[in-house]
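J.: whatever this is, show me its structure:
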Amino acid sequence: MDNELESQNEKWELMLEQIKVLFFEYGIKNLNMDDISHKLGISKKTLYRFVKSKEDLLTRLFEYDQKKWVESMNLLASQSDNAIETLFKVSLMVYEEMKRFNPMILFELRKYYESLYNEFHNQRLAVISRSMTLNLKRGIMEELYRQDLNNEAAVAIYMSYLVEIHNNAEVCKIANVTFDDLFRVMFENHIRAISTPLGVAFFEKRKMEIIESLKNSN
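T.: Numbers count the residues shown, from 1 in each chain. Modelled structure (predicted):
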């Protein structure tokens, strides 16, 4: 029975991954449940075995996405040598997600599913905030970050930077810079502001790797 349940969960998660791709490609408003089931190659009856409605589908998709985010952040932290390396990897993951997010999807979510979107958005920000708060504590223990930091303020400022990068398309055009340019400068400024001399030295040593990571993400 446990194996059957696990198989069903795996099947559902695979479907959610496919549905997420469909929403990114076609938008949310343009796809109804008939379209989704057809593109998945299943009957609508089968789809309704997993969800009650399109809104329920979006809720389940958000919950699944949130779970994957937490798992990814925990994995990045466990596989990184120190707090600065973790912060870069997490920041790059957030940045790549924002670059991939179609503005039309954001518009549709806010217009047609406002309360659902707000709940998801607040949960996502809370996850990122907790991750960065833990990162600050780790960096202080590793003597890479300054001990006199106001952790709450540092997290709030950095998160606002990440959000603002995504909203600065016009600024990029006027200043003739790319989103990657903005991200690289933002990350470097933040690291230099919160780091000890030891942290700055580590950043300088790995700076070219960060630039290469940005190139490989495109």
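
J.: could you list the domains of this structure?
T.: Per the record, the chain has its domains at 1-50, 53-217, by automatic domain parsing.

J.: as JSON lines, the ones you listed with mean pLDDT and mean neighbour count would be great.
T.: For glycine as for every other residue, the C-beta is placed from the backbone atoms N, C-alpha and C. Listed next are the domains of the chain as JSON lines, based on pLDDT from 0 to 100; neighbours: other C-beta atoms under 10 Å:
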{"stretch": "domain 1-50", "mean pLDDT": "86", "mean neighbour count": "13"}
{"stretch": "domain 53-217", "mean pLDDT": "86", "mean neighbour count": "15"}
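
J.: give me the most central residue, this structure.
T.: V94 (3.7 Å; C-alpha atoms, centre = their mean).

J.: what helix or strand does that one sit in?
T.: Taking DSSP states H and E as the criterion, V94 maps to helix 83-100.

J.: then G199?
T.: Per DSSP H and E: helix 197-217 holds G199.

J.: can you pull the contacts of the residue lying closest to Q147 once chain neighbours are set aside?
T.: Using C-beta to C-beta, 6 or more residues apart in numbering and skipping the chain neighbours, the partner closest in space to Q147 is I140 (5.7 Å). Applying C-beta atoms under 8 Å, 6 or more residues apart in numbering to I140 gives the contacts 146-147, 149.

J.: same deal with I84?
T.: Taking C-beta under 8 Å, 6+ apart, one finds 139, 144, 191, 195, 199, 202-203, 206 in contact with I84.

J.: okay, the angle between the lengthiest helix in the chain and helix 83-100?
T.: If you go by DSSP state H, the chain has its longest helix at helix 114-141. With axes from the mean of the first three to the mean of the last three C-alpha atoms, to 10 degrees defining the directions, helix 114-141 sits at 160 degrees from helix 83-100.
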